[in-house]
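the following comprises the amino acid sequence and a computationally predicted model.
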Amino acid sequence: MNKRVYIQTVGCQMNVLDSEMVIADLKRHGYTVVDTPAQADCVLYNTCSVREHAEEKVYSALGKVKLHKKDNENKIIGVMGCMAQKDQEIIFKRAPYVDLVVGPGQLHTIPTLLNKIKNGEGRQMAVSLARNEGSQATIARSHETFDPLRDPTMRPTPFQAYLRIQIGCDKFCTYCVVPNTRGPEQGRSPEQILAEANVLAEQGCLEITLLGQTVNSYKFKHEDGSVTDMSSLLEQLHEIEGIKRIKFVTNYPKDMTERLLETIRDLPKVSPYLHVPAQSGSDDVLKRMKRGYTIADYMAMMERIERILPEAAISSDFIVGFCGETEEDFQKTIELVKRCRFKQCFIFQYSVRPGTKASERLEDDIPLEAKARRNNELLAVHDEIAKEDNLKFVGKTVEVLVEGPSKRAKRSDDFDDAHVVQMIGRTTCDRIVVFDGNRRQAGQFLNITIDDASSHTLVGRVKTVEVVSIGM
Ligand code: SAH
Ligand code: SF4
Ligand code: F3S
């Protein structure tokens, strides 16, 4: 038995999906999944390069698993994902005990490369072409991921799944590694996407989340010259009977068109939950980030959303401490958060990434302490807003898809199905709701009456008498 695999995943939803596909592939090749690196013959790290901290965590985990090689010298250690694409040979230099380096566009090679290593052919590497290493089409092809095999047991829940509709990114925001690690922007064909969505529905999947770096810019050009855009893709996916909810991340502000918003409004299964990162509230900073919009553009988008989808929940990402961000710029970010009252804000401190325009042309001149302070300040402002807005739900009833026991309940030893445990579910607008229930409710849509709220969570109880749900 030398086919026990352990996989650890960091980074974004793309990586969670990639890990699911790699495991499905390896299982088809006779591998079984184990819960700890110690039990495994093959340890895989699916990595992220978006910030330095994410990379350091992987190197420190690698340092630990290296010790396992003392007990079992045949144990294979592999690094896959964005860091593999970005660092390539550097990984072998920094961590000479690593046997395998595979970029996110080459994941289909993993079973073959593992066999080569086992056959004594030495360490193996498979990465995609860099942006200057060939024609646009050849580069794009080298980043295409394989036809996905789906494995419900690898998903956080069997009834929720990610579905990639777009690969790569061409926006080249000056701070970001993704256009290098994931390659050129390519929309997958609607035929492939629909076929995969049908497989997911047959596997009992109720909710799909469509993935792309700028998902609402999705476009696929057919051979006859016609184009499928995000709106028509959503319309086609909406027809699949088993799928009850459709979400999509991450959106690009300028492509949040009236047509798309009207489509979302008219398709009841499509969540009016829009993650549209603003990144900064200052035009000067946005310009240096090369985001391609101004705050006036962003506010015009907010106005369109408010007019067409008044019940939508909007969330955003922000980078604090980007090159040259003055205190005044930062105050503008605070103002934007106050004006937009985002449902959620993911806040990151700027981290210089080798190979990006910002790393070459702009000075990382904001001290760490200032980045940390701005991070905390923005968090506190947003927490207050989120709490106020969540408290407005008290007394209302919302519909949730129950995901399973909450973290607190999972930590308890009680695995009795009938026992009352704290369960967690999400509304169509991605609001987290906890309530007392039982494990058998996982995968059900339930109406929950809200009794209390914090900035991140609504707390409620199962509504027993049927009421009209506001579904927010
Ligand atoms: N495609 C998505 C985001 C992908 S990366 C979009 O355009 O919105 C996820 C988030 O990480 C980004 O939205 C940004 O806020 C943050 N991020 C990206 N590069 C970063 C860097 N160098 N330092 C800090 N945060 C970064
Ligand atoms: Fe990175 Fe910008 Fe592309 Fe998002 S849109 S992945 S932030 S380059
Ligand atoms: Fe990280 Fe790559 Fe995703 S850099 S955020 S894992 S696309």
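Happy to help now that I have it. Ligands and ions are numbered 1, 2, ... in the order given.

all contacts plus neighbour counts: C-alpha atoms, from now on.
Noted.

in the stretch 1-150 of the chain, which residue sits nearest ligand 2?
When scored by CA to the nearest ligand atom, the stretch 1-150 of the chain has V50 as its residue closest to ligand 2, at 8.6 Å.

give me the nearest residue to that residue, chain neighbours excluded.
Closest residue in space to V50, ignoring its immediate chain neighbours: V177 at 6.2 Å, by CA to CA, 6 or more residues apart in numbering.

how about the contacts made by that neighbour?
For V177, the contact set (CA atoms under 8 Å, 6 or more residues apart in numbering) comprises S49, V50, R353, P354, G355, T356.

how far away is the residue nearest to the third one when sequence neighbours are not counted from ligand 1?
For R353, ignoring the flanking residues on the chain, the nearest one in space by CA to CA, 6+ apart is S359 at 6.1 Å. Summarising the geometry, the distance separating S359 from ligand 1, computed by CA to the nearest ligand atom, to the nearest Å, is 9 Å.

please apply the same query to E306.
In terms of CA to the nearest ligand atom, E306 sits 21 Å off from ligand 1.

now V394
Where ligand 1 is concerned, V394 sits at a distance of 31 Å (CA to the nearest ligand atom).

please apply the same query to T257.
16 Å.

what sits against that residue?
M301.

go on, D18?
D18 makes contacts with P104, L107, as judged by CA under 8 Å, 6+ apart.

would you agree it falls within a helix?
Yes - counting by DSSP: H, G, I helix; E, B strand; the rest coil, D18 is part of a helix.

where does I208 fall, phi/psi-wise?
Reported as degrees, to the nearest 10, the phi and psi values for I208 are phi -120, psi 140.

can you count the residues close to it?
By the measure other CA atoms under 10 Å, the count of residues near I208 is 23.

now the phi/psi pair for D436, please.
phi -80, psi 130.

swap that for E360, please
phi -90, psi -30.

before we move on, what about L107?
The phi/psi pair for L107 (degrees, to the nearest 10) is phi -60, psi -30.

helices or strands next to the longest helix along the chain in the packing?
For the chain, the helix with the greatest residue count under DSSP state H is helix 368-391. Using 3 or more CA pairs under 8 Å, 6 or more residues apart in numbering; DSSP states H and E, the elements in contact with helix 368-391 are strand 313-320, helix 327-340, strand 344-349, strand 445-453.

list the buried residues of it.
371, 374-375, 378-379, 382-383, 385-387, 389-391 (16 or more other CA atoms under 10 Å).

with stretch 323-336 instead?
C323, E325, D329, F330, Q331, K332, T333, I334, E335, L336.

the third one and G281 touch, don't they?
What it means is D329. Yes - with contact defined as CA atoms under 8 Å, D329 counts as touching G281 (7.0 Å).

gap between the lowest-mean-pLDDT helix or strand in the chain and the chain center?
For the chain, using mean pLDDT, DSSP states H and E, the weakest element among its helices and strands is helix 407-411, scoring a mean of 77. Relative to its parent chain, helix 407-411 has a centroid offset of 23 Å by CA atoms, centre = their mean, to the nearest Å.

for the record, mean pLDDT for the following helix or strand past that helix?
Counting by DSSP states H and E, the element after helix 407-411 in chain order, helix or strand, is strand 421-426. For strand 421-426, mean pLDDT rounds to 96.

cool, and stretch 233-243?
Mean predicted lDDT for stretch 233-243 stands at 98.

and the stretch 51-200 of the chain, which of its residues are near ligand 2?
The stretch 51-200 of the chain has residues C169, K171, F172, C173, C176, V178, P179 near ligand 2, with proximity defined as CA under 6 Å from any ligand atom.

just checking, which of those belong to strands?
Among these, none falls in strands (DSSP state E).

dump these to CSV, plus pLDDT.
As requested, these are arranged in CSV below (pLDDT from 0 to 100):
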residue, pLDDT
C169, 97
K171, 96
F172, 97
C173, 98
C176, 98
V178, 98
P179, 97
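
show me what contacts V65?
P37.

what about it, distance to T32?
Distance check for V65 against T32: by CA to CA, to the nearest Å, it reads 19 Å.

give me the neighbour count for the nearest residue to I385 once chain neighbours are set aside.
Spatial nearest neighbour of I385, chain neighbours left out: R341 (6.3 Å); criterion: CA to CA, 6+ apart. By other CA under 10 Å, 20 other residues sit near R341.

hmm, R341 is touching E384, no?
No - counting by CA under 8 Å, R341 stays clear of E384, with 9.9 Å between them.

which residue ranges form the helices in the stretch 201-350 of the chain?
Secondary structure of the stretch 201-350 of the chain by DSSP state H, counting those that start in this stretch: the helices cover 230-238, 258-266, 283-289, 295-308, 327-340.

how about TSV for these, with distance to K116 added?
Shown next, in TSV, are the helices of the stretch 201-350 of the chain (distance: least, CA to CA, whole Å):
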stretch	distance to K116
helix 230-238	40
helix 258-266	48
helix 283-289	43
helix 295-308	51
helix 327-340	52
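
and the residue of the protein that's closest to ligand 3?
C48 (3.7 Å).

wouldn't N198 be in contact with E239 here?
No - between N198 and E239 there is no contact under CA under 8 Å: 10.3 Å.

so which of the two has more stuff around it?
N198 (18 against 13).

return the residues in contact with that one.
Contacts of N198 (CA under 8 Å, 6+ apart): I240.

ok, the residue of the stretch 1-150 of the chain closest to ligand 2 - contacts?
G11, C176, V177, V178, R353.

pull the most distant pair out of the residues you listed.
Longest distance between any two of the contacts of V50 is 15.2 Å, between G11 and R353; criterion CA to CA.

got the phi/psi numbers for T397?
phi -110, psi 130.

look up how far ligand 1 lies from it.
As judged by CA to the nearest ligand atom, T397 and ligand 1 stand 31 Å apart.

equivalent analysis for K287, please.
Applying CA to the nearest ligand atom to K287 and ligand 1 gives a distance of 14 Å.

also I319?
According to CA to the nearest ligand atom, I319 stands 5 Å off from ligand 1.

what of C429?
C429 is 18 Å from ligand 1, by CA to the nearest ligand atom.

torsion angles phi and psi at the residue nearest to I385?
phi 50, psi 60.

pLDDT at it, what is it?
With respect to pLDDT, R341 scores 98.

show the contacting residues for it.
H382, I385, A386.

coming back round to it: restricted to buried residues, select the contacts of V177 in PyMOL.
Entered in PyMOL, the line below selects the buried ones among these, by 16+ other CA under 10 Å:
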select buried, resi 49+50+353+354+356
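
I'd like the contacts of V177 written out as a markdown table, with secondary structure and pLDDT added.
A markdown table is the format used below for the contacts of V177 (DSSP: H, G, I helix; E, B strand; the rest coil; pLDDT from 0 to 100):
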| residue | secondary structure | pLDDT |
| --- | --- | --- |
| S49 | coil | 98 |
| V50 | coil | 97 |
| R353 | coil | 98 |
| P354 | coil | 96 |
| G355 | coil | 95 |
| T356 | coil | 98 |
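
before we move on, the earlier item: can you get me a residue count around the residue nearest to R353?
Count around S359 with other CA under 10 Å applied: 17.

before we move on, what about K171?
Applying other CA under 10 Å, we find 17 other residues in the vicinity of K171.

wait, doesn't it sit right on P179?
Yes - with contact defined as CA under 8 Å, K171 counts as touching P179 (7.3 Å).
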